[in-house]
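Trainee: this is the structure alone, sequence omitted:
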């Protein structure tokens with residue numbers, strides 16, 4: 001069963017938006033997914049729906065029990081279907097849920113299993129989804145070096161897959177780790193690299209987040225002017241896409257910047273703007289934080305009257321969601337406020353609450369650290385045992401390999417001896433068989449030589465028939481001119497005829513002539529016929545550049561009968577503009593010759609009682625066809641193809657396609 005790689009993108013989205021949308025939930029998305037679940041017809045579709053529902057509930061951070069229920073449903077369907085991929089998908093979501101609960105060690109166990117499964121399968125994209133969650137947990141645990149190592153591993157995979165948006169997001173996360181490791185200048189370079197990619201893909205959200213991080217880094221470095229420039233730019237990008245939670249976050253950071261600069265009035269304005277925006281957003285934690293910022297800033301402005309209601313509201317909201325860090329900030333501020341008012345009893349009460357909450361945080365952290373140390377110890381012990389078992393296994397495998405090697409050696413000697421004996425016997429048999437085959441082959445060669453000799457004699461006989469036929473036609477043309485008293489043209493015709501006869505005699509002893517010589521004879525013949533028809537014929541001969549005209553050998557006078565038929569039965573009946581096209585190209589060890597005329601066509605020629613190729617093939621065509629079949633060693637039948645060229649039943653001429661073996 002295959003699951004889409006949208007998990008990776010969901011992980012990135014959760015990392016980017018999770019802390020800002022902690023209590024957010026999209027009811028429309030949830031309802032749509034539940035409808036998909038109800039409409040699911042198979043377990044594969046149900047598992048996808050459960051996975052999406054698990055994610056939607058998990059990222060709220062406040063409905064983790066519901067997320068756990070849907071993750072359990074994935075696990076159940078995976079077990080009954082024995083679907084290992086679905087089992088590991090459930091492990092992924094268990095890891096995410098434990099991360100949001102703060103149970104980091106448990107979360108790592110599930111996610112390590114998920115990553116190992118997809119690493120073994122070679123699915124780098126899904127493996128990256130698990131690595132991203134592991135790196136985030138390591139960041140939360142303060143193991144920044146391990147977190148950075150995983151982020152760099154993730155980055156390498158995204159870059160190899162050309163996933164620009166994911167690459168930019170990972171770079172942004174790496175920048176945060178570098179800041180925590182006390183390397184702000186390296187963080188600045190990383191943020192700028194992320195900005196470059198986001199600009200290329202026009203990712204406005206990514207640009208806003210990176211400029212916000214740049215501003216916060218410069219603020220931490222004490223470079224307040226640069227910090228303000230970058231935070232203002234982040235605010236512009238957030239406003240461009242009307243992203244309220246982003247606007248509120250950047251506005252709050254601008255307030256923090258002016259607090260650091262000592263400009264408390266301007267800081268207050270920014271904190272009030274952030275609070276106004278967060279009043280319309282679902283995150284109680286962010287709203288409690290803004291209320292605390294406004295109250296604390298009023299306190300710095302010595303305005304205890306206005307500070308107190310904001311701090312009281314923040315405290316009440318933080319208590320409902322058990323946001324201990326915000327509780328500490330409120331207890332500290334309210335303690336200072338009551339001291340100024342002279343209400344020492346209440347100041348003491350807030351101090352007591354502050355200490356109790358701080359101790360509870362420390363105790364929880366200590367217990368968690370002890371649990372994590374215990375988990376690491378157990379893991380190391382298991383790894384040590386596995387290592388010892390692997391060593392024993394390797395020693396046993398070495399011993400087994402040695403025994404197998406000895407056994408194989410003995411078997412090899414036996415087989416080799418058997419093979420030598422068989423080869424000797426087979427060699428004697430083969431020698432006798434070869435002697436018989438040689439005798440039979442010699443007989444076959446003699447028969448083949450006799451056949452080739454007979455074919456050569458038959459070709460010579462056909463050529464001997466061809467030349468008288470051609471001479472008869474030419475002499476007949478001269479006779480017609482003399483009878484019609486066209487003595488001048490008869491004289492020219494006779495001169496060209498003499499040249500053609502000379503070329504034929506020069507090639508008479510050779511069974512084949514070069515293509516160049518054949519085309520020269522053909523041109524001489526066409527010039528002779530054009531003279532007879534008083535220039536009514538225009539001829540165009542084209543040879544493909546890949547054909548070597550001098551090296552390509554073909555039978556002499558092989559094309560002339562087809563050109564003769566095109567002229568006598570097609571073009572001679574035209575009053576003017578007779579056109580003859582001869583094209584030659586080489587393909588699949590054959591010379592493809594196309595003879596195209598724009599004559600009257602075969603049907604009209606038959607009506608004029610001329611003999612063409614359909615009813616009765618002229619002698620020249622018959623002889624040429626026999627010559628081609630004798631030359632062809634293949635059993636091809638259609639060495640000559642004739643096509644009638646028409647346009648809406650109107651004759652446009654004739655095309656003859658000839659295949660000459662070469």
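Mentor: Sure thing, it's come through. All of these numbers come straight from a predicted model, not from anything done at the bench.
Trainee: I figured residue 341 hits residue 304, correct?
Mentor: Yes - counting by Cβ atoms under 8 Å, residue 341 does reach residue 304; the two are 6.1 Å apart. Placement of C-beta: from N, CA and C, glycine included.
Trainee: higher neighbour count, those two?
Mentor: Set residue 341 next to residue 304 and count neighbours by other Cβ atoms under 10 Å: residue 304 wins out with 16 against 13.
Trainee: find the nearest non-adjacent residue to residue 313, please.
Mentor: Nearest residue to residue 313, sequence neighbours excluded (Cβ to Cβ, 6 or more residues apart in numbering): residue 291, at 5.0 Å.
Trainee: so who does the one you found touch?
Mentor: 275, 310-311, 313-314, 317 (Cβ atoms under 8 Å, 6 or more residues apart in numbering).
Trainee: now, the most widely separated pair of these?
Mentor: Spanning the widest gap among these are 275 and 311, at 12.6 Å by Cβ to Cβ.
Trainee: which of the three states applies to residue 538?
Mentor: Using DSSP: H, G, I helix; E, B strand; the rest coil, the secondary structure recorded for residue 538 is strand.
Trainee: what's the burial count for it?
Mentor: 14.
Trainee: that one - nearest residue in space that isn't next to it in sequence?
Mentor: The spatially closest residue to residue 538, leaving aside those adjacent along the chain, is residue 579, at 5.2 Å (Cβ to Cβ, 6+ apart).
Trainee: next secondary structure after whichever strand or helix holds that neighbour?
Mentor: Assigned by DSSP states H and E, residue 579 belongs to strand 578-587. From strand 578-587 onward toward the C-terminus, using DSSP H and E, the following helix or strand is strand 590-597.
Trainee: now the angle between strand 578-587 and that next one, please.
Mentor: If you take axes from the mean of the first three to the mean of the last three Cα atoms, to 10 degrees, strand 590-597 sits at 170 degrees to strand 578-587.
Trainee: ok, residue 597 touching residue 574?
Mentor: No - using Cβ under 8 Å, residue 597 is not in contact with residue 574, being 9.3 Å away.
Trainee: between the two, which is the more surrounded one?
Mentor: When residue 597 and residue 574 are compared for neighbours, residue 597 comes out ahead with 28 against 17, by other Cβ under 10 Å.
Trainee: stretch 522-530 - what's its average pLDDT?
Mentor: Mean per-residue pLDDT for stretch 522-530: 87.
Trainee: contacting residues around that stretch?
Mentor: Taking Cβ under 8 Å, 6+ apart as the rule, stretch 522-530 contacts 474, 477, 493, 496-497, 499-500, 503, 536-537, 539, 541, 559-560, 563-564, 567, 580, 582.
Trainee: which of those fall within strands?
Mentor: Using DSSP state E, 537, 539, 541, 580, 582 are the members of the contacts of stretch 522-530 that sit in strands.
Trainee: so who does the last one touch?
Mentor: Residue 582 sits next to 519, 522, 539-542, 559, 563, 593-596 when contact means Cβ under 8 Å, 6+ apart.
Trainee: what segments of the stretch 501-650 of the chain are strands?
Mentor: 512-514, 537-543, 553-555, 578-587, 590-597, 640-647, 650-661 (DSSP state E, counting those that start in this stretch).
Trainee: out of these, which comes closest to residue 179?
Mentor: Residue 179 sits nearest to strand 578-587 of all the strands of the stretch 501-650 of the chain, at 69.2 Å, using Cβ to Cβ.
Trainee: only the buried residues of that closest one, if you could.
Mentor: Buried residues in strand 578-587, defined by neighbour count with 16 or more other Cβ atoms under 10 Å: 578-584, 586.
Trainee: pull up the pairing partners for it, direction included.
Mentor: strand 537-543 (parallel), strand 590-597 (antiparallel) (DSSP bridges).
Trainee: please state the offset of stretch 220-230 from the chain centre?
Mentor: Relative to the chain's own centre, stretch 220-230 is displaced by 43 Å; criterion: Cα atoms, centre = their mean, to the nearest Å.
Trainee: er, stretch 72-92 I mean
Mentor: So, by Cα atoms, centre = their mean, the centroid of stretch 72-92 is 30 Å from its chain's centroid.
Trainee: mean confidence score for that stretch?
Mentor: Averaged over stretch 72-92, pLDDT sits at 93.
Trainee: how about stretch 273-284?
Mentor: According to the model, stretch 273-284 has a mean pLDDT of 89.
Trainee: same question for stretch 395-411.
Mentor: 82.
Trainee: same thing with stretch 153-170?
Mentor: 90.
Trainee: what is the end-to-end distance of it?
Mentor: Taking Cα to Cα, to the nearest Å, stretch 153-170 runs 10 Å from one end to the other.
Trainee: residues of that stretch that come out buried?
Mentor: For stretch 153-170, by 16+ other Cβ under 10 Å, it's 154-155, 157-158, 163-170.
Trainee: and if you look at stretch 541-551?
Mentor: Using 16+ other Cβ under 10 Å as the test for burial, stretch 541-551 gives residue 543.
Trainee: let me see the mean pLDDT of it.
Mentor: For stretch 541-551, mean pLDDT is 92.
Trainee: cool, stretch 98-110 as well?
Mentor: 88.
Trainee: hmm, back to that, among the buried residues of strand 578-587, which one lies nearest to residue 114?
Mentor: Nearest to residue 114 among the buried residues of strand 578-587, counting by Cβ to Cβ, is residue 586 at 61.5 Å.
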